[in-house]
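Asker: Need the 3D shape of this:
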Amino acid sequence: MPNSRKSNGKAVAESLVTDLFENLREPSDSEKRWAEKTLAPTLEKNPEKPIGAPTGINLDEHGHARFTTISGMPIRRLYTPADLPADWKYDDYLNYPGQPPYTRGIHASGYRGKMWTMRQFSGFASPEETNQRYKYLLEHGGQGLSVAFDLPTLMGYDSDHPFSEGEVGKCGVAIDSLEVMEILFDGIDLEKTTVSMTINSPASVLWAMYLAVAEKQGADWQKISGTIQNDILKEYIAQKEYIYPPAPSMRLVIDTFEFGSKFTPKFNTISISGYHIREAGSTALQELAFTIYDGVEYVEWARRRGLDVDEFGPRLSFFFNAHNDFFEELAKYRASRKIWYRLMKDRFGAKNQRTRLMRFHTQTAGVSLTAQQPMNNVARVALQALAAVLGGTQSLHTDSYDEALALPTEEAVRIALRTQQIIAYESGVAQTVDPLGGSYFVERLTLDMEKGAFDHFDKLDAMGGMVAAIEKGYPQKEIAEASYQFQRATEAKEKITVGANEFVVEEPSPHILYIGEEVAQAQSKKLKSLRERRSNDEMRRCLDALKKAAAQEPKAGENGQISPANTMPYIVAAVKAYATVGEICEALREVYGTYTETSFA
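Answerer: Now for the predicted structure:
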């Protein structure tokens, strides 16, 4: 026994020496003494145990416990000044909030001057029912709206199309025409309410409908604010709700940039989205890197059109996921601001300070919600939301606890909103800016995120950009591998999901929201009536003009005008002639064709 204990002590000592000096660390004398006099005896008496099964990712090459983030990145037991660069200086690496490189936030006073926008994502069944839900959210303290569309709308089909059968109103609200969009926002002042719309391939069409509704209300386009997601690159990478091939899809996006910079200066014409990349199974670093590089790709395409980055750049916004690993998420948000500042300043030469600011919305991680013991999701969402707030998000959606099962009930939606309100008004975290800034752990994670992202950028540059990388299948394969590794670790219980693979109980199914087929029938009836009442000759003239413009090669407009081939004015005209989403998208399909993803080796 004495020999065994002596041998164990020697192994502990050797392990500590390796740990202290890994990654070129230069620990202080006091840290070395602590490791020798305090830590070593503790580990000899009580060896560390992994959080989860002692296999696979939870063991290092020597069989010792290994600790990692949810993304699989190794975590040290203690972070000290030795984990920061030798030249680390506050002014260079952090600086003050509201000052470059914006690591600590884009606003000097944080949330003390303006709280983040509590924007709840909602949309289900008919426009009438969703309209009532929006009014309910606003009455209960919601500060902005976020529209969830159903699958037919997302794919550019009308509710009465054969491909829409069984999907109308199921995962969002069914929107077929300007007439229906008017119902959706009836009684909601669009000049005073910020609205985000999660729509991508048909984004131009739904945005045109929104603008037409705002105009009918008497709103000034120069004053309305909100966001269209309009991020087609992440569709090819992760969500797969694309219609047209990449090149014409990118052209449509750039058309909105040009149109928006002239006519809707307060409206974000894109929300470059990491959320869906993360939901597809990426790591936090992959989400950060691929999302920001998508932003790089959009800027490159816009500049090739001849647009000025300082004209459209201030309206570029981002959308990130808030997952379970609290500190990893916090570091991701902080790094994102620094990275975007560096890119806009050094790569694109942006002069406008607002162009250099990373502004982002956050949504808690739908993929983290469990159908088992769904009330546990209330705790998950609260932690994820807290990370987003401490990371400096500009707006936030909190998922409802029952969303792993169905669209949320009214009670679940209210709890989700109240979660944000409790963080804002009871927790105290909004009272000071970046309260975890300066933590050796947080700063090291932030630096690692930044470096890892730029390493990915080098690979993507070498491939010729994100569109070329997508065509090669690079981001898709990277995400698939990360997803597989997490699933393997979960099934081996190396990563614990409370209530799903550990601490499991039997329980009855909860009450959930059910959407019946009567929604599809009602929408089809509306469409039939609309087609009988509108001027079909005028509608066809508008679609023919759109197709003609879409077939031309756009170039930047002259003398302050937009390109004559910009599709947006023609889409707005078609919308006002009551052409439907499906009819407008079909006209563009005739010009551009459709896209089918190929398999990748």
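Asker: Going by C-alpha atoms from here, please, whenever you check contacts or count neighbours.
Answerer: OK.
Asker: Please enumerate the helices of the stretch 151-300 of the chain.
Answerer: 151-154, 178-184, 203-217, 233-234, 246-263, 275-279, 284-305 (DSSP state H, counting those that start in this stretch).
Asker: Please state the offset of the first one from the chain centre?
Answerer: Okay, so that is helix 151-154. Helix 151-154 has its average C-alpha position 19 Å from the chain's average C-alpha position, going by Cα atoms, centre = their mean, to the nearest Å.
Asker: Can I get that helix in CSV, CA atoms only?
Answerer: Taking Å, rounded to 0.1, in the frame of the first residue of the first chain, the C-alpha atoms of helix 151-154 are listed here in CSV:
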residue,chain,number,x,y,z
LEU,A,151,-43.4,25.6,-44.2
PRO,A,152,-45.4,26.3,-47.4
THR,A,153,-44.7,30.0,-47.0
LEU,A,154,-41.1,29.3,-46.3
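Asker: that older thread, what's the closest of the helices of the stretch 151-300 of the chain to E494?
Answerer: Using Cα to Cα as the criterion, the shortest distance between E494 and the helices of the stretch 151-300 of the chain is 18.3 Å, found for helix 284-305.
Asker: if we look at that closest one, which residues are touching it?
Answerer: Contacting residues not belonging to helix 284-305 are listed as 71, 233-234, 250, 254, 257, 272-275, 277-278, 308-309, 313, 320, 328-329, 332, 336, 340, 449, 452-454, 456-457, 465-467, 475, 479, 554-556 [Cα atoms under 8 Å, 6 or more residues apart in numbering].
Asker: which of those count as buried?
Answerer: Of the members of the contacts of helix 284-305, the ones counted as buried by neighbours, 16 or more other Cα atoms under 10 Å, are 71, 233-234, 250, 254, 257, 272-275, 277-278, 309, 313, 320, 328-329, 332, 336, 340, 449, 453-454, 456-457, 465-467, 475, 479, 554-556.
Asker: Just to be sure, T362 is in a helix?
Answerer: No. T362 is assigned strand when assessed by DSSP: H, G, I helix; E, B strand; the rest coil, not a helix.
Asker: wait, what's in contact with it?
Answerer: Contacts here follow Cα under 8 Å, 6+ apart; on that basis T362 touches F319, F320, N321, A322, A388, T393, Q394, S395, L396, H397.
Asker: Mean pLDDT for the helices of the stretch 151-300 of the chain - can I get that in TSV?
Answerer: TSV is the format used below for the helices of the stretch 151-300 of the chain (pLDDT from 0 to 100):
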stretch	mean pLDDT
helix 151-154	97
helix 178-184	97
helix 203-217	98
helix 233-234	98
helix 246-263	97
helix 275-279	98
helix 284-305	97
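Asker: Ok, which of these comes nearest G172?
Answerer: Comparing those under Cα to Cα, the one sitting nearest is helix 151-154, at 7.3 Å.
Asker: which residues are in contact with the closest one?
Answerer: Around helix 151-154, the neighbours that count as contacts under Cα under 8 Å, 6+ apart are 158-159, 163-164, 167-172, 174-176, 199-202, 241, 581-582.
Asker: rerun at 6 Å
Answerer: S164 (Cα atoms under 6 Å, 6 or more residues apart in numbering).
Asker: Of all the residues in it, which ones are buried?
Answerer: Neighbour-count burial for helix 151-154, with 16+ other Cα under 10 Å as criterion, is recorded at L151, P152, T153, L154.
Asker: Ok, stretch 238-245 next?
Answerer: For stretch 238-245, a neighbour-count test (16+ other Cα under 10 Å) marks A238, E241, Y242, I243, Y244, P245 as buried.
Asker: Relative to G428, which of these is nearest.
Answerer: Scanning the buried residues of stretch 238-245 for proximity to G428, where the rule is Cα to Cα, the winner is A238, at 36.5 Å.
Asker: The longest helix along the chain versus helix 284-305: what angle between them?
Answerer: In the chain, with assignment by DSSP state H, the single longest helix is helix 440-463. Per axes from the mean of the first three to the mean of the last three Cα atoms, to 10 degrees, the angle that helix 440-463 makes with helix 284-305 is 50 degrees.
Asker: Any idea how many residues pack against P54?
Answerer: P54 is surrounded by 17 other residues when neighbours are defined as other Cα atoms under 10 Å.
Asker: scratch that, G473
Answerer: By the measure other Cα under 10 Å, the count of residues near G473 is 18.
Asker: any weak-confidence spans in this protein?
Answerer: Within the chain, the segments meeting pLDDT under 70 span 1-14, 17, 599-601.
Asker: residue ranges of the strands in it, please?
Answerer: With DSSP state E as the criterion, the chain has strands at 117-122, 144-148, 194-198, 226-228, 267-268, 270-273, 316-322, 360-364, 395-397.
Asker: shouldn't N200 be in contact with L233?
Answerer: No. Under the contact definition of Cα atoms under 6 Å, N200 does not touch L233, with a separation of 9.4 Å.
Asker: Domain-wise, how is this structure divided?
Answerer: With automatic domain parsing serving as the domain definition, the record reports that the chain contains domains spanning 90-491, 534-592.
Asker: Out of those, flag the one nearest F67.
Answerer: Each of the domains of the chain has some distance to F67 by Cα to Cα; the shortest is domain 90-491, at 12.3 Å.
Asker: Now do the end-to-end distance for the closest one.
Answerer: The stretch domain 90-491 measures 43 Å between its terminal residues, going by Cα to Cα, to the nearest Å.
Asker: repeat for stretch 490-500
Answerer: Using Cα to Cα, one end of stretch 490-500 lies 10 Å from the other.
Asker: Also stretch 24-31?
Answerer: Distance between the boundary residues of stretch 24-31 (Cα to Cα) amounts to 15 Å.
Asker: And for it, what's in contact with it?
Answerer: A82.
Asker: let's see 8 Å
Answerer: Contacts to stretch 24-31, defined as Cα under 8 Å, 6+ apart, come from residues L20, F21, P81, A82, D83.
Asker: Filter those down to the buried ones, ChimeraX style.
Answerer: Buried residues within the contacts of stretch 24-31, as defined by 16+ other Cα under 10 Å, are selected in ChimeraX through the command that follows:
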select :20,81,82,83
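Asker: could the contacts of stretch 24-31 be laid out in CSV, adding distance to G52?
Answerer: Listed next are the contacts of stretch 24-31 as CSV, based on distance: Cα to Cα, whole Å:
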residue, distance to G52
L20, 25
F21, 27
P81, 30
A82, 29
D83, 26
